[in-house]
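Asker: need coordinates for the following:
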Amino acid sequence: MNKIIITIDGWSSCGKSTLAKQLAKALGYVYIDSGAMYRAITLYFLRNHIDWTDENQTQNALKNIDLKFVHNTKSLQSDMHLNDENVEYFIRDLVVAEKVSEVATIASVRTFAVDQQQKMGIEKGIVMDGRDIGTTVFPDAELKLFMTAEILVRVERRFKEMYDKNPNVTIDEVKANLEMRDYIDSNREVSPLRKAVDAILLDNTNLSMEEQLDIALKLVAKKL
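Answerer: Got it, this is the predicted structure:
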């Protein structure tokens, strides 16, 4: 059976990663979390006190960053490794979440990440989620999905996710963070978040994980 590239773009906390993982597992495809790559870069900048408004510092820092996904035998998922360190836990911190959209607006950072992402898709058979996967990374992908959900639903989802790691986080902080990320992602000069012309809109406000997977699998079947 021919393999295809599936891209899933959309707003923060719309369940893009959840659906991407489900699809990859059901199809036997490789799941690539592009957001984890930008979070890992942000983590490196924060740890090493890189001033990312300084292009020279940014360019030099990127030369020292090695990113790869490593299969986790316990979770049966791929974890983000930064310079051979598993940083999957650290990149989900609110401190990183507050800065990642800002870092992701930098042209040199996006060029660095997109180049690696495109190499991962050479042999197809991948599901990748992010903000500009269907528009910039894989504009010729066979199936493109654009996910959305009502803001209050998205806030509740993100709050539950972050509360497990940080019981001190408040729902107002989460809402402010989501709104900030939405604005930055959709207004940045380089590869802003937007729905590709040929992307299929998937609003999962009132859908269960099983229902959205069923819809996506039917769309995949049509492409195959």
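Asker: which helix in the chain runs the most residues?
Answerer: When the chain is parsed with DSSP state H, its longest helix is helix 171-187.
Asker: what does it contact?
Answerer: Helix 171-187 has contacts (Cβ atoms under 8 Å, 6 or more residues apart in numbering) with 11-13, 94, 97-98, 100-102, 104-105, 131, 151, 154-156, 158-159, 162, 192-194. Bear in mind the C-beta positions are built from the backbone N, C-alpha and C, glycine included.
Asker: go again with 7 Å.
Answerer: 11-13, 94, 97-98, 101-102, 105, 131, 154-155, 158-159, 162, 192-193 (Cβ atoms under 7 Å, 6 or more residues apart in numbering).
Asker: filter those down to the buried ones.
Answerer: 11-13, 94, 97, 101-102, 105, 131, 154-155, 158-159, 162, 193 (16 or more other Cβ atoms under 10 Å).
Asker: can you mark which positions in the lowest-mean-pLDDT helix or strand in the chain are buried?
Answerer: Within the chain, no helix or strand scores below strand 67-72, which has a mean of 83 by mean pLDDT, DSSP states H and E. Neighbour-count burial for strand 67-72 flags 67, 69 (criterion: 16+ other Cβ under 10 Å).
Asker: just checking, what packs against that strand?
Answerer: Here strand 67-72 touches strand 77-82, going by 3 or more Cβ pairs under 7 Å, 6 or more residues apart in numbering; DSSP states H and E.
Asker: run the chain-centre distance for the strand it packs on.
Answerer: 13 Å (Cα atoms, centre = their mean, to the nearest Å).
Asker: direction included, what does the helix or strand that comes right after that strand pair up with?
Answerer: Counting by DSSP states H and E, the element after strand 77-82 in chain order, helix or strand, is strand 85-86. Take DSSP bridges as the rule and strand 85-86 pairs in its sheet with strand 77-82 (antiparallel).
Asker: tell me the angle of the strand it pairs with relative to strand 67-72?
Answerer: 140 degrees (axes from the mean of the first three to the mean of the last three Cα atoms, to 10 degrees).
Asker: pull the residues that contact strand 77-82.
Answerer: Taking Cβ under 7 Å, 6+ apart as the rule, strand 77-82 contacts 21, 31, 36, 40, 43-44, 65, 67-72, 86-88, 91.
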